[in-house]
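S.K.: Have a look; sequence and predicted model below, questions after that.
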Amino acid sequence: MKIILITFFFISSIIISGCGNKDENSGKDGKESGNKTSETQNNDLTQKTEEQIKEDANKEAGDETKTENELGMKPGLPSDFPKDIPQPKDSKVLGSLTTSEGTVVTFESNTKVLEIVEFYKEEMKKSGYTLSEEGESLVTDKGGLINWTKDSKTAGLMLGYDKDKNITSLVITYN
């Protein structure tokens, strides 16, 4: 149950961090409300873009200078990710977090929630997992939660759909 709460908190913070006013420097009429000139803003934007390009290039080159984000998540798939739990198709790994309760791995995918749910139901059954007592909770096209067990192992899948970005966020928990 603690894993579910941790996962819910994690998904919520991802969703909340993506929300907000995209035009924070604009007034109601769309004009600049701060004291920066357009040229200064463009220079700031160019500098940020250049920094992002360098950061992305370092990541692609395998530079692991940043090993955790502000939430304590490590980039990439953890080395102990179970071989009997499939990774979601057409997805990217955002990172993982390991606690005494288990490990949480976050993914993003362009695949719709219900397609992912069906994929996991089939694949987890093939891997020998069965639905736990909690089983399936509130699974809709907007998200849901599914829990499995296999011997002494547990695994969970939490999904949420962001219609603005057209992306499904997935969190896989295991211990």
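M.R.: Good, I have the coordinates. Keep in mind the model is a prediction, meaning the values are calculated, not measured. Numbering: from 1, shown residues only.
S.K.: Show me the shaky parts of this structure.
M.R.: Within the chain, the stretches with pLDDT under 70 are 1-71.
S.K.: at 90 what do you get?
M.R.: When residues are selected by pLDDT under 90, those of the chain lie in 1-72, 89, 133-138.
S.K.: strands paired with the strand or helix carrying Thr106, and their directions?
M.R.: Using DSSP states H and E, Thr106 sits in strand 102-109. The strands beside strand 102-109 in its sheet (DSSP bridges) come out as strand 91-99 (antiparallel), strand 167-174 (antiparallel).
S.K.: so where do the strands sit in the chain?
M.R.: For the chain, the strands defined by DSSP state E cover 91-99, 102-109, 130-140, 143-150, 153-162, 167-174.
S.K.: Of those, which is nearest Asp84?
M.R.: Among these, the nearest to Asp84 by Cβ to Cβ is strand 143-150 (7.2 Å). Any C-beta I mention is one placed from the backbone N, CA and C, and that applies to glycine too.
S.K.: Now do the buried residues in the closest one.
M.R.: Neighbour counts over strand 143-150 (16 or more other Cβ atoms under 10 Å) mark Gly143, Gly144, Leu145, Ile146, Asn147, Trp148, Lys150 as buried.
S.K.: the inter-axis angle of it versus strand 167-174?
M.R.: Between the axes of strand 143-150 and strand 167-174, defined by axes from the mean of the first three to the mean of the last three Cα atoms, to 10 degrees, the angle is 20 degrees.
S.K.: Which elements pack onto strand 143-150?
M.R.: helix 113-126, strand 130-140, strand 153-162 (3 or more Cβ pairs under 8 Å, 6 or more residues apart in numbering; DSSP states H and E).
S.K.: could you check the angle strand 143-150 makes with the first one?
M.R.: Looking back up the chat, that one is helix 113-126. 0 degrees.
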